[in-house]
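**Q** Okay, here's the prediction I keep looking at, along with the sequence it came from:
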Amino acid sequence: MADQVQASLDRMVPALRDLLDRGIFTESEIKAIVSRRRESEYLLRRLVPRKADYQRYIEAEKNLEKLRSLRKKMVIARQKAKEREDAADDNNNNNNKGNKDSNAKGKSNNNNNNNIGDASIVQNIHLLYVRAKRKWKEDLAWHMQHAEFAKQAKSYQMLGRIYAEALQIHPRNESLWIEAASHEYFGYVTNEKDEGMSGGGSIKSARVLLQRGLRINTSSKNLWMQYFCLELHYIQKLRGRREILQLNLDANGKGSTNQDGDHDTGGSNDDEDDVVAAEIDESVKLPLIIYNNAIKSIPNDIAFRMQFIEQSKLFPETQSLVSHIMKTVESDFENMEDAWIARACFVIDNQHSEATKKNGFFLTNEPNGETDDSTLRKRKIAEISNGKNNVPDDKLVETLREATEAITSPNMFLESIILLRNYMTKLTSSLEEEDEEGEYDDDDDDIAEAIRKRISKIIQFIVQLINEAESKVTVTPVLAIEMVTCLLELGLSSQSLKLMKRLTDENPECKKDPNCWLKIVEISELNGSNPKSSSKILRRALEYIPLHDPGHKDILSRLFMNLLTTSSKASYDEELSSTYEKILLLSSNNTEQSRISIPMISLAYLNYATNKNDINLIRRVYKKLLYNSSYCQSALTSAEDVKNMKIFFDKCLTFEKQELKMSRSNQSSEKRCKHMLNGLFDAAFKYFINIDDNLAHSYNQRGSTLF
C-alpha cells in the first residue's frame, strides 16, 4: 500500500514543482498539500473503502483548485503591474523601448500559457471520480457529480465520456439519455457571467443518443417527447439561419446593391439558402415520423398524444403537425370520452389569430418580444372577434353533439357540461373586462354584443344537453349535481330544484346519495325556504340513506343544525338530544371528516342550552361529548376543531363556576358543582395533552388551584 501511495505522490511532483516555481504556492503550502494528499490516499486504499473518504478528498481538491485560480490571477496582476513600472522607467530611452516591450510581451505570454500545474488539480479530481465510479459502479450519484464537475471545469470531451460510461451501466435511466442528448445539442451555460452556451451543437450525436435510448426504452414517454421537441428546436434553428441568409435580399427576392452601385445577385448566398431550404424540408418530416412511431409504441394513451399538441404550440408554423395529431386521435379513439373532450378543447384552443398561429403560442410579433398595452388589446380584440360569426362556437357545439350521440354515457354528458361551463366562464369574464373599461367605441360595442350572443348560444346548448342527459342516460349523482349547479349558475333556480327533486324521486342512485339531498336543501334555502321545510327534506333523506354510509352523518348534522334554529319546544329538545347522540355514535365508527365537525355541532348545542339558561341541559350536552362518547380519545383534530373545543371547555367551566357561586348556601349543590368542575378540568387536560402541552398543563394548574 505504501508503494502505491508513494507512486501516486511521485506522479504529482512535476505539477507541484511548477506551481512552486511560478509563485502560486509557497514551499510550506506545498508540503501541507502533499501531507494531506498522502493521508487521503491511504484512506482510499483501506480494505473497506468509504464514500465519505472520496467525498472529502474531492472537496479538498476543489477548494485547492479555487485557491490556485485566485493565486494565479494575483500573480499575473502583479507581473503586469511590474511590467508597467519597468516600461515607465524606460520611457525616456527610445532605443531600448522596443526591446523592453517585446520582453514584456514575452513574459506576459509565458505567464498566460497553460502550465502543467494549472491543469493538474482538475485532472486529479477527474481521476478521483473515476476511481470512485470503479468502486461503486451502480451508484448513479457518482456519475452525475462527475458530470456536474466536468461542466464547471469546461471539460467537454470528458463530459461526453462520462455520459457514455453512465449510460452503459444505467441504460434504463431515461433522464440520463435526455441529459446526454441535451449536452450534445444545446451545450451548457458554464457560468452565470458567461454569455451564450458552451459546447454542444451536434444534432447528429443528439439523435443517435435518443434513438439508442428509445431502442432500449421503447415505452418511455419522456424520451419520445424530448426527441420530438429536439427536432422542432432544430427546425426552428434552420429557419432562423435561413432568415439570416436572406437579410441581404430585398422583398422581391432580388440581390441588394453594393457600395459601388453594382447589383449583387447574392451568389453563394443563394446556393447556401437553397441548401438550407432543402434541409428544412427534410427536417420538417422528422417530427411527424417521430410522432407516428411514438403512438405505435404507446398506442392507447390519449394524454400522451395531447402532450405532443401542447409541445407543438410552443413552436411556430406547426398547425399541420397539430392537425395530423388530432386526426390520429379522432381515428383511433372514436369510442373514448377523453378523446372527444380533447377534440372539443382543441376547437377552443384553436381560436387564435393567424399571427399567433404563425409565430407560436408564446411568441410575439414585436421586436425583442416587447408588447405595449395597445398591442395586447388589439390582439385580444382580434381573438374575441373570431367568434363574431359564431363559426368556432358552432364547431364546438357540433363536436360535443357528435360526442354525446356517439357515446351515450353519463360521464360523456358530465365532461361536456363541465367543458361548456368553463368556456362560458371564460366568455363571461371577457365581457366583464369590457364593461369595466368603461370607454367604448363602435368596435367595442360590436365585440360586446358578439360575446353576449355567443354566451346565449352556449347557454341554450347546455340546457339542451341537460334535458338530453335526463332522458337518454341513467343520471349518476355526480352528473345530477353538476347539472343542477349549472342551472343555478344560469339563474334557473326553480328548474334546478324541480330537476333534483325529480331525480331523487325516480332515480335509485340519486335517492341514496346524501349530496343530492343536501343540494335540494341548499336550493330550497336559496329560494327562501324556512328551516322547518329543510328539516322535512332531511328527515326524508334519512329514510333512504343507509346508516353505514358516511353521508348519513352529514344529513344528521345538517338536520341537527336546522333544529337548533327552529322554535324551542319540548318535542324539538327530545329530537335534538337523540340526533346528537346518533351523531356522536356514528363519529366513533367513522374516521372520515364530515362537513360539520363534532366540535362545531357541540358548541352550537352548548350555545343553544346556554341561551335557555338550563344547567341540566348544559350538563347533558358536555357529558354526552366528554364522558359518553369516544370522540376525545380517537378524534381526527384540525386546528379549527382544537379552537372550537377550547371555546367549548371554557364556556362549560364558566357556567359551572357561576353555578358554584350561586350554590354556596346549598352544600349538596356546591359539592356537585365542584365535582363537575374537577371532571371538566381533567377532561380538558386529557384532550389537549397530545395536542398542546402548554394548554393541557394550564388547565391542570387551574384545576389544582381552584379550590
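**A** Right, received. Where do you want to start? Residues are numbered from 1 along each chain as shown.

**Q** list the contacts for C229?
**A** Residues in contact with C229, defined by C-beta atoms under 8 Å, 6 or more residues apart in numbering, are Q311. All C-beta atoms are positioned from the backbone trio N, CA, C, and that covers glycine.

**Q** Tell me if it really is in a strand.
**A** No: counting by DSSP: H, G, I helix; E, B strand; the rest coil, C229 is not found in a strand; it is helix.

**Q** Could you report the distance from it to Y622?
**A** Using C-beta to C-beta, to the nearest Å, we find C229 at a distance of 64 Å from Y622.

**Q** before we move on, what about L16?
**A** On the measure of C-beta to C-beta, L16 and Y622 end up 82 Å apart.

**Q** Those two: who's more crowded?
**A** The neighbour count for L16 versus Y622, taken as other C-beta atoms under 10 Å, is higher for Y622 (25 against 21).

**Q** what about the residue lying closest to that one once chain neighbours are set aside, which helix or strand?
**A** Nearest residue to Y622 in three dimensions, chain neighbours excluded: C652, at 4.9 Å (C-beta to C-beta, 6 or more residues apart in numbering). Element membership for C652 (DSSP states H and E) is helix 639-662.

**Q** May I see the buried residues of that helix?
**A** 641-642, 644-646, 648-649, 651-653, 655-656, 659-660 (16 or more other C-beta atoms under 10 Å).

**Q** Centre of the chain to that helix, how far?
**A** Helix 639-662 sits 44 Å away from the centroid of its parent chain (C-alpha atoms, centre = their mean, to the nearest Å).

**Q** what's the angle from the following helix or strand past that helix to helix 639-662?
**A** Using DSSP H and E, the next helix or strand after helix 639-662 towards the C-terminus is helix 667-688. Counting by axes from the mean of the first three to the mean of the last three C-alpha atoms, to 10 degrees, helix 667-688 lies at 160 degrees to helix 639-662.

**Q** for helix 667-688, what is the average pLDDT?
**A** When pLDDT is averaged over helix 667-688, the result is 87.

**Q** CA atoms of stretch 508-523 as CSV?
**A** Output in CSV follows, covering the C-alpha atoms of stretch 508-523 (Å, rounded to 0.1, in the frame of the first residue of the first chain):
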residue,chain,number,x,y,z
PRO,A,508,-82.4,5.0,-7.2
GLU,A,509,-78.8,6.2,-7.2
CYS,A,510,-79.7,9.8,-6.5
LYS,A,511,-82.2,8.7,-3.9
LYS,A,512,-79.4,7.0,-1.9
ASP,A,513,-76.9,9.8,-2.4
PRO,A,514,-76.6,12.3,0.5
ASN,A,515,-75.1,15.0,-1.7
CYS,A,516,-78.2,15.1,-3.8
TRP,A,517,-80.5,15.6,-0.8
LEU,A,518,-78.1,18.3,0.6
LYS,A,519,-78.3,20.0,-2.8
ILE,A,520,-82.1,20.1,-2.6
VAL,A,521,-81.8,21.7,0.9
GLU,A,522,-79.3,24.2,-0.4
ILE,A,523,-81.5,25.2,-3.4
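
**Q** for that stretch, which positions count as buried?
**A** 509-514, 516-523.

**Q** And stretch 529-546, by the same measure?
**A** In stretch 529-546, the ones that count as buried by 16+ other C-beta under 10 Å are S529, P531, S534, S535, I537, L538, A541, L542, Y544, I545.

**Q** so which of those comes closest to G187?
**A** Nearest to G187, judged by C-beta to C-beta, of the buried residues of stretch 529-546 is I545 at 64.1 Å.

**Q** To what extent is T637 buried, counted in neighbours?
**A** The tally of other residues near T637 (other C-beta under 10 Å) stands at 18.

**Q** how far is whichever strand or helix holds A60 from where the chain is centred?
**A** Per DSSP H and E, A60 falls inside helix 51-89. Centroid separation for helix 51-89 versus its chain: 43 Å, with C-alpha atoms, centre = their mean.

**Q** Equivalent analysis for stretch 526-544, please.
**A** The chain centroid and the centroid of stretch 526-544 are separated by 42 Å under C-alpha atoms, centre = their mean.

**Q** quick one: average confidence on it?
**A** In this model, stretch 526-544 has an average pLDDT of 88.

**Q** residues in contact with that stretch?
**A** Identification of contacts with stretch 526-544 by C-beta under 8 Å, 6+ apart yields 488, 493-494, 497, 511-512, 514, 517, 520-521, 524-525, 552, 555-556, 558-559, 562-563, 565-566.

**Q** hmm, try it at 6 Å
**A** Residues outside stretch 526-544 that contact it (C-beta atoms under 6 Å, 6 or more residues apart in numbering) are 493, 511-512, 517, 520-521, 524, 555, 558-559, 562, 565-566.

**Q** burial measure for D21, as a count.
**A** Quick note: D21 (other C-beta under 10 Å) scores 10 neighbours.

**Q** So which of the buried residues of helix 639-662 is the closest to Q152?
**A** V642 (50.3 Å).

**Q** By mean pLDDT, flag the weakest helix or strand of this protein.
**A** helix 354-359 (a mean of 46; mean pLDDT, DSSP states H and E).

**Q** my hunch is that G528 is in a helix, does that hold up?
**A** No: with three-state DSSP as the criterion, G528 is coil rather than part of a helix.

**Q** Could you measure from it over to L497?
**A** Applying C-beta to C-beta to G528 and L497 gives a distance of 11 Å.

**Q** Give me the more crowded residue out of those two.
**A** Neighbours were counted for G528 and for L497 using other C-beta under 10 Å; L497 has more, 21 against 7.

**Q** from what I can see N644 touches S602, true?
**A** No: using C-beta atoms under 6 Å, N644 is not in contact with S602; the gap is 7.8 Å.

**Q** Return the set of buried residues in the helix or strand where Q6 lies.
**A** According to DSSP H and E, Q6 maps onto helix 2-11. For helix 2-11, a neighbour-count test (16+ other C-beta under 10 Å) marks V5, S8 as buried.
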